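K.L.:
sharing a sequence plus its predicted fold:
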Amino acid sequence: AIGRSTCSSLESCLAVAANPYYNPSDPEFTGDCADMAYVLRAYFAWKNGLPFSYQNAMRTADGKPEDLRYSSNGNVIASRRDAIGEKPVSAATFIGRIGGEVSTAMFRTHPDNGDGALFDDFYPVKINREAVRPGVLAYDIYGHVGIVYDILEDGRVLVIASHPDRSVTRTTYGANFLRSKPDLGAGLKGWRPIALEGARLLPDGSYAGGRIRAAKNADIPYYSMEQFLGNRPNPSGDWRYGDFVVGGRAVSYFDFIRRSLAHPNFAYNPVDELRHGMQTICGAVRDRKVAVERAVSAGFPKRAPPPRLPPNIFGTYGDWENYSTPSRDARLKVSFIDLKRTIKELVDHYNAGDTDVRYDGADLPRALWEAYQQEKDACTFTYWRSDDSRIRMHIGHVQDRLWDLSFDPYHCPERRWGASGDEFATCTDDELKTRWYEAQRYLRYQAERTYDVRMDFALDELKPPSKAPPEKGGLGVEAPADADLRAYLAGLNAFPLSALEEEPEIVLAAGAPVEPEPQLPAWHAKILNGWTKPKP
């Protein structure tokens, strides 16, 4: 219910009309992605009188002194906190502490950690409709976790998540959630069943004392290692060489999930996939707009930049974590890259006569182009320039300047949106900020989030990656990946790309009133309007 609502923060999600447990006198809970996962679980346990326990401290599995959120070989549980006492536990106090104790480090565990007194809160689920259901968690090893809230008939898994700036967004489970080795615990994870044993029932209906017992991996029906090893594991046991097989055909991990969760007669329709993908990206772009506006409203473009980058721009704390967008931008870039790759593969399969790809029309290239144009025109937004005038853009503009979007909160909003020419004329950045923007170019070209690279270099220490290794300031990559879906579709139709370029529009002068703009993906609105129904 929360996922299908229009809530945009954890506190507003708990206050939606669809929440049958909401009480206006309850304390407000807020937090980022890990906080949201744990707080909602604890909240549900509180409101239903169920036991609750969580891992509140971790250590690296190999003993290395690394950031636990990005440890190279995963973590193990160091301690747990149980909602148990001789007197009733205060829910407000207990839940209020969660945000200060949990992070995405809690999800970075090998599945074998499930047993024992310091058991793992999670287990990897089997990929079927019974196991993948609302409430399952989607963990991205690059420091993010979301909550599954719906599984559609075509196998798409819808995910809701909070962010460091406390905004709540929706997306689909796909290439933006990287698959990795078992030690890091990536993928779809269920909450481990627990029970309260040996407690005394008090006259008021509460329980005193007792202990928490957790189900072992072997006792959980939907526990499975197939997300790591494949449903046809390699005899060597090496996770990298396991196969994902559907209908006798080896497919990718994400294709395996789609096909395993879709209805039996499912086949990919390239036009539908393009629309779904662009709608999801549109939601991410609008979410980014909110994040950029938070930084602008907080006055960061008017502040002097720090003398150095953070130790790592993708994983840090404080103002940079709350107001910069390198991780958000990297996920956006991956989404563009993956959509272009997916559409090309589907067209190739269709042309080869693959029965798993269906299109009933007469001209697939033209249909794809028309769908692209329709979705592009439907995905518009505006942003405030430094002089309070507004620029209207669409998703095509974002794609064109994808590698110029600044992730740095100290840059003017024009640079945050990759402006140039007349659009850029109102930017107030000085020479120092301009030099920082140019020095960060190769980091902007990078779609992969690298958390194990030192990045706290001063401006004069940053170099092109072709001139120096990362440890000496050569950060990022030399050239961006191909994410140009429009160019690919134009080529399919033999359209001259140069004739299709469009410039953003200055639509509102400073001080003009602004109409509210949608923020959620278009498919989310369709769900709200009964376009599809959630699984029972």
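P.N.:
Good, I have the coordinates. Residues are numbered from 1 along each chain as shown.
K.L.:
which residue sits closest to R129, ignoring its sequence neighbours?
P.N.:
L261 (6.0 Å; CB to CB, 6 or more residues apart in numbering). C-beta here means a position set from N, CA and C on the backbone, and glycine is covered the same way.
K.L.:
contacting residues for that neighbour?
P.N.:
127-129, 132, 151, 155, 157 (CB atoms under 8 Å, 6 or more residues apart in numbering).
K.L.:
can I get these in a markdown table including secondary structure and neighbour count?
P.N.:
Shown next, in a markdown table, are these (DSSP: H, G, I helix; E, B strand; the rest coil; neighbours: other CB atoms under 10 Å):
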| residue | secondary structure | neighbour count |
| --- | --- | --- |
| I127 | coil | 24 |
| N128 | coil | 13 |
| R129 | coil | 13 |
| V132 | coil | 23 |
| I151 | strand | 21 |
| G155 | coil | 22 |
| V157 | strand | 25 |
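K.L.:
low-confidence ranges in the chain?
P.N.:
Within the chain, the stretches with pLDDT under 70 are 499-501, 503-520, 522-536.
K.L.:
so which elements touch the longest helix seen in it?
P.N.:
Ranked by residue count under DSSP state H, the longest helix found in the chain is helix 270-297. On a contact count with 3 or more CB pairs under 8 Å, 6 or more residues apart in numbering; DSSP states H and E, helix 270-297 meets strand 168-172, helix 318-323, helix 326-351, helix 364-378, strand 380-384, helix 395-400, helix 413-416, helix 522-528.
K.L.:
name the residues of that helix that are buried.
P.N.:
270-271, 273-289, 291-292, 294-296 (16 or more other CB atoms under 10 Å).
K.L.:
rewinding a little: mind putting the helices and strands packed on helix 270-297 into a markdown table with distance to V16 and mean neighbour count?
P.N.:
Shown next, in a markdown table, are these (distance: least, CB to CB, whole Å; neighbours: other CB atoms under 10 Å):
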| stretch | distance to V16 | mean neighbour count |
| --- | --- | --- |
| strand 168-172 | 11 | 23 |
| helix 318-323 | 25 | 17 |
| helix 326-351 | 24 | 20 |
| helix 364-378 | 26 | 17 |
| strand 380-384 | 24 | 20 |
| helix 395-400 | 28 | 22 |
| helix 413-416 | 31 | 24 |
| helix 522-528 | 12 | 18 |
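K.L.:
next, format those as CSV and append distance to D35.
P.N.:
CSV is the format used below for the helices and strands packed on helix 270-297 (distance: least, CB to CB, whole Å):
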stretch, distance to D35
strand 168-172, 11
helix 318-323, 13
helix 326-351, 16
helix 364-378, 33
strand 380-384, 28
helix 395-400, 29
helix 413-416, 26
helix 522-528, 22
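K.L.:
out of those, which is closest to G63?
P.N.:
helix 318-323 (26.2 Å; CB to CB).
K.L.:
could you chop this protein up by domain?
P.N.:
According to the TED database, the chain comprises the domains 2-261, 270-510.
K.L.:
tell me which element the closest residue to Y442 other than its chain neighbours is part of?
P.N.:
Counting by CB to CB, 6+ apart, Y442 lies nearest to G476, which is 3.0 Å off, once chain neighbours are set aside. G476 belongs to no helix or strand when assigned by DSSP states H and E.
K.L.:
looks like G476 contacts P465 (just checking).
P.N.:
Yes - G476 is within contact range of P465, at 5.7 Å (criterion: CB atoms under 8 Å).
K.L.:
which neighbours do these two have in common?
P.N.:
Shared contacts of G476 and P465, counting by CB under 8 Å, 6+ apart, come down to Y442.
K.L.:
give me the more crowded residue out of these two.
P.N.:
Summary of the neighbour comparison: G476 and P465, criterion other CB atoms under 10 Å, with G476 having more neighbours (23 against 18).
K.L.:
tell me the angle of the longest helix of the chain relative to strand 380-384?
P.N.:
Angular relation of helix 270-297 and strand 380-384 on a 0 to 180 degree scale: 10 degrees, by axes from the mean of the first three to the mean of the last three CA atoms, to 10 degrees.
K.L.:
quick check, C13 in a helix?
P.N.:
Yes - looking at C13 with DSSP: H, G, I helix; E, B strand; the rest coil, it is inside a helix.
K.L.:
now it: closest residue in space, sequence neighbours ignored.
P.N.:
Closest to C13 by CB to CB, 6+ apart is C7, at 3.8 Å.
K.L.:
does the one you found lie in a helix or a strand, and which?
P.N.:
Going by DSSP H and E, C7 is not in any helix or strand.
K.L.:
is A481 in a helix, a strand, or coil?
P.N.:
Quick answer, by three-state DSSP: A481 is coil.
K.L.:
how far away is it from Y445?
P.N.:
In this structure, A481 and Y445 are 8 Å apart, going by CB to CB, to the nearest Å.
K.L.:
over to Y437?
P.N.:
13 Å.
K.L.:
same check, this time on A131
P.N.:
Relative to Y445, and taking CB to CB, A131 is found at 39 Å.
K.L.:
let me see the ranges of the strands in the stretch 401-536 of the chain.
P.N.:
505-508 (DSSP state E, counting those that start in this stretch).
K.L.:
for the helix or strand harbouring V76, which positions count as buried?
P.N.:
Using DSSP H and E, V76 sits within strand 75-82. By neighbour count on 16+ other CB under 10 Å, the buried set for strand 75-82 is 75-77, 80-82.
K.L.:
now do the contacts for the residue nearest to Y442.
P.N.:
Per CB under 8 Å, 6+ apart, neighbours of G476: 440-446, 465.
K.L.:
try V453
P.N.:
312, 470, 475.
K.L.:
quick one: which of these is most hemmed in?
P.N.:
That'd be L475 among the contacts of V453, by other CB under 10 Å, with 26 neighbours.
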